[in-house]
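Trainee: structure of the sequence below:
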Amino acid sequence: MAIDDKINLLAYLVPRFGSNDPEQEASLLAFATGLKPTFSLIRSKCPRMGESDVQLLGTELLCSEILIPARSTKQEFAAWVGSMTTADLEGILEKRKESNKVAASELAEYREERERVEKEREELRRRYEEQVKKAREERTMGFNPRTGKFEEIVKKK
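Mentor: Take a look at the predicted model:
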């Protein structure tokens, strides 16, 4: 599995530990014991699927049905996954991967937009600094706070 998928899996699993809920503990145990048989079943139904995809699909299915207490028993889960066709499994995997593609695309767009805004901000800063520099060189009048009036600036040579 890709590192992002492993982190996502941890986001499902970690909050469920230490709940002191016997049903949740049983669900965690069912999840752990269901990994090997689920992976084997997926491999047998989808022999061309890569190991990374088998693991991703298997953990996603287990997370959605077994990890949530009282959602499905191990037997119901096995019957459900067993009744799926190769096309069903590949469709679920594709849908799962699509969310990663959308997220990556949105992240790329965000970074491009942020870079564009930063360039605009830098250009504005540069123009402002040039304007200040030019004003200091060319201005002939300035406000004197002691007198409260604008007076001619005497340039030091």
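Trainee: verify the contact between E65 and S72 for me.
Mentor: Yes. Counting by CB atoms under 8 Å, E65 touches S72, with 4.2 Å between them. From N, CA and C alone the C-beta is placed, and that goes for glycine too.
Trainee: now for these two: what residues contact both?
Mentor: Counting by CB atoms under 8 Å, 6 or more residues apart in numbering, the common neighbours of E65 and S72 are W80.
Trainee: which stretches in the chain count as helices?
Mentor: Secondary structure of the chain (DSSP state H): helices at 3-13, 22-45, 51-65, 74-83, 86-138.
Trainee: where among the ones you listed is the average confidence lowest?
Mentor: Confidence, taken as mean pLDDT, is least for helix 3-13 of these (a mean of 83).
Trainee: what packs against that one?
Mentor: helix 51-65 (3 or more CB pairs under 8 Å, 6 or more residues apart in numbering; DSSP states H and E).
Trainee: what residues sit buried inside the helix it packs on?
Mentor: Applying a neighbour-count criterion of 16 or more other CB atoms under 10 Å, one finds D53, V54, Q55, L56, L57, G58, T59, E60, L61, L62, C63, E65 buried in helix 51-65.
Trainee: output it as CSV, restricted to C-alpha atoms.
Mentor: Extracted C-alpha coordinates of helix 51-65, given in CSV (Å, rounded to 0.1, in the frame of the first residue of the first chain):
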residue,chain,number,x,y,z
GLU,A,51,-0.6,-6.7,-4.0
SER,A,52,-0.8,-3.0,-3.0
ASP,A,53,-4.3,-2.8,-4.5
VAL,A,54,-5.3,-6.1,-2.9
GLN,A,55,-4.3,-4.7,0.5
LEU,A,56,-5.9,-1.4,-0.1
LEU,A,57,-9.2,-2.9,-1.2
GLY,A,58,-9.2,-5.5,1.6
THR,A,59,-8.5,-3.0,4.4
GLU,A,60,-11.1,-0.6,3.0
LEU,A,61,-13.8,-3.3,2.9
LEU,A,62,-12.9,-4.4,6.4
CYS,A,63,-12.9,-0.9,7.7
SER,A,64,-16.3,-0.1,6.2
GLU,A,65,-18.0,-3.2,7.5
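Trainee: specify the angle between that helix and helix 3-13 in degrees.
Mentor: Angle between the axes of helix 51-65 and helix 3-13 is 20 degrees (criterion: axes from the mean of the first three to the mean of the last three CA atoms, to 10 degrees).
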